[in-house]
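1. got a structure for you, letters missing:
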DNA sequence: CGCATGATGGAACGATCGGTGCAAGATGTG
DNA sequence: CACATCTTGCACCGATCGTTCCATCATGCG
């Protein structure tokens, strides 16, 4: 007890993020959140608000942690769209290989549980996924892809990202994940006749 | 009330499957299951056992419903591995396009919630995913793929399946999903020098 | 030093969770 | 018609859910 907080707010938020990440929103009980943050109930509510608010702050914290890594990987210059895809998925594989964080990715786990989230949570999840998609598309254009190819490959790379998270959660080996990522980097654009 | 059941057991199981599918295991409360099946608590427990057992029976019912569709699609003959992939993913797209079932797929939703499942549930989810993988690999071999290519493309097709489910849950359009599936069907085997 | 401020631990709230027990009533068999 | 059988509706169980309240106490300021 004190007049000033006895804990590091950001470190606590990191703990909460890991609880949502591992357990998903529904199974992330307040008890698990207090245990994962090391905080008491009062401190948790006093600092972060209710569960829904804490979840959204955890999503922000997730973006704040990993967005820069993706941005750096995409910042290029890249010799080809495939190089962009490879660089992006390498970040994902590195995150999944990190033994200090839960399996999969918070965004994917949250996306599959969308019906369990309130309106704000759903909106934030969709918005973050859309942001990644746009970021990828931008980088692909910069790497020389035409508009259609950029849109298509961005979508497929995002899809591969999600699939890696699911397979990771299902217990697939990192070799298998790397195989999927490598194959995705070989996807060519469709090169259909543009209308 | 009666001496004989007042409902169709399989229809009720179908309802329960949809509840687990839409809400995921954690958010599939007994109340939602009774509402989704039309049964009372007593009938639900008397017929299917506890929640974990009902979940596993729902998984079986899911496999029993969609496994044959995949088997038929894979039964071929197919002129190339790509044709196998396209046929497989067409089944997935059709299921996702079905407005009478929830978004995504029960198996993917369950896989992302694996930490929330008990040991039997986890095992069954992993087993079912492994079964799909083996089924794909078999069909690819029959379509003329060599061993390495079959293993790799089976894995990637499974991954695409999972990604389609996640994107569907996140609200992506069926056009986007079709784009992802079409691109996956263009994935070539790696054709690395075989050791 | 005395006081206001604010963080903390813990108790307690109503609601909902998964699961069970039981009485009521309809059916099939004699 | 009488009885055993089985299903069903409903109440109820302890446990846990998310959330709030309050007494306690260390701190910063005057």
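-> Right, received. Where do you want to start? Because the structure is predicted, anything quoted here is derived from the model rather than measured.

2. from here on, contacts and neighbour counts on C-alpha atoms
-> Will do.

3. Tell me the pLDDT of residue A:187.
-> Per-residue pLDDT puts residue A:187 at 70.

4. should've said residue A:191
-> 49.

5. mind checking how far residue A:107 is from residue A:77?
-> 27 Å (Cα to Cα, to the nearest Å).

6. Which one of the two is surrounded by more residues?
-> residue A:107 (22 against 12; other Cα atoms under 10 Å in any protein chain shown).

7. Provide the secondary structure category for the more buried one.
-> Three-state call for residue A:107 (DSSP: H, G, I helix; E, B strand; the rest coil): helix.

8. Identify the residue nearest the geometric centre of chain A.
-> Centroid check for chain A by Cα atoms, centre = their mean gives residue A:107 as the closest residue, at 4.4 Å.

9. Quick one: residues contacting the closest residue to that residue other than its chain neighbours.
-> In this structure, residue A:107 finds its nearest non-sequential neighbour in residue A:125, 6.6 Å apart by Cα to Cα, 6 or more residues apart in numbering or on different chains. Neighbouring residues of residue A:125 by Cα atoms under 8 Å, 6 or more residues apart in numbering or on different chains: A:59, A:107, A:110-111.

10. Out of these, which is nearest to DNA strand C?
-> residue A:110 (19.0 Å; Cα to the nearest atom of the strand).

11. show me what contacts the closest residue to chain B within chain A?
-> Using Cα to the nearest Cα, the single residue of chain A nearest to chain B is residue A:163, 4.6 Å away. By Cα under 8 Å, 6+ apart, the residues touching residue A:163 are B:159-160, B:162-163, B:166.

12. per-residue confidence at residue A:6?
-> The model's pLDDT for residue A:6 equals 81.

13. Okay, and it sits in which element?
-> Applying DSSP states H and E as the criterion places residue A:6 outside every helix and strand.

14. burial count for it?
-> There are 10 residues near residue A:6, going by other Cα under 10 Å.

15. could you measure it against DNA strand D, distance?
-> Distance, residue A:6 to DNA strand D, by Cα to the nearest atom of the strand, to the nearest Å: 9 Å.

16. Would you mind giving the dihedral angles phi and psi of whatever residue of chain A ends up closest to DNA strand D?
-> Nearest residue of chain A to DNA strand D, counting by Cα to the nearest atom of the strand: residue A:29, 3.3 Å away. With angles defined as degrees, to the nearest 10, residue A:29 sits at phi -70, psi 160.

17. excluding its backbone neighbours, what's nearest the residue of chain A closest to chain B?
-> residue B:163 (4.6 Å).

18. that older thread, among the contacts of residue A:163, which ones are in helices?
-> B:159-160, B:162-163, B:166 (DSSP state H).

19. Let's have the residues you listed in TSV, adding pLDDT and distance to residue B:54.
-> Formatted as TSV, the ones in helices among the contacts of residue A:163 follow (pLDDT from 0 to 100; distance: Cα to Cα, whole Å):
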residue	pLDDT	distance to residue B:54
B:159	98	27
B:160	98	28
B:162	98	23
B:163	98	26
B:166	98	24
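
20. which among those residues gets closest to residue B:86?
-> residue B:160 (11.0 Å; Cα to Cα).

21. Just to check, that closest one is in contact with residue A:158?
-> No. Using Cα atoms under 8 Å, residue B:160 and residue A:158 do not qualify as a contacting pair, with a distance of 10.9 Å.

22. For chain A, just list every one of the strands.
-> Remark: no strands are assigned in chain A by DSSP state E.

23. List, one by one, the residues from chain A near DNA strand D.
-> Neighbours of DNA strand D within chain A, by Cα under 7 Å from any atom of the strand: A:1-4, A:26-31, A:41-42, A:45, A:50-52.

24. For ChimeraX, what selects the buried ones among those?
-> Remark: buried members of the residues of chain A next to DNA strand D, expressed as a ChimeraX selection using 16 or more other Cα atoms under 10 Å in any protein chain shown:
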select /A:26,27,28,30,51
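
25. so residue A:12 touches residue A:39, yeah?
-> Yes. Residue A:12 is in contact with residue A:39 according to Cα under 8 Å; the separation is 7.5 Å.

26. Would you tell me which one of the contacts of residue A:125 comes nearest to residue A:150?
-> residue A:107 (22.4 Å).

27. need the contact list for the closest one.
-> A:59, A:125, A:129.

28. so where do the helices sit in chain A?
-> Counting by DSSP H, the helices of chain A are A:9-27, A:30-37, A:41-48, A:51-74, A:81-97, A:106-112, A:119-142, A:147-169, A:174-184.

29. out of those, deepest packed?
-> helix A:106-112 (a mean of 26; mean count of other Cα atoms under 10 Å in any protein chain shown).

30. So what's the gap between that one and the chain middle?
-> Between the centre of helix A:106-112 and the centre of its chain there are 8 Å (Cα atoms, centre = their mean, to the nearest Å).
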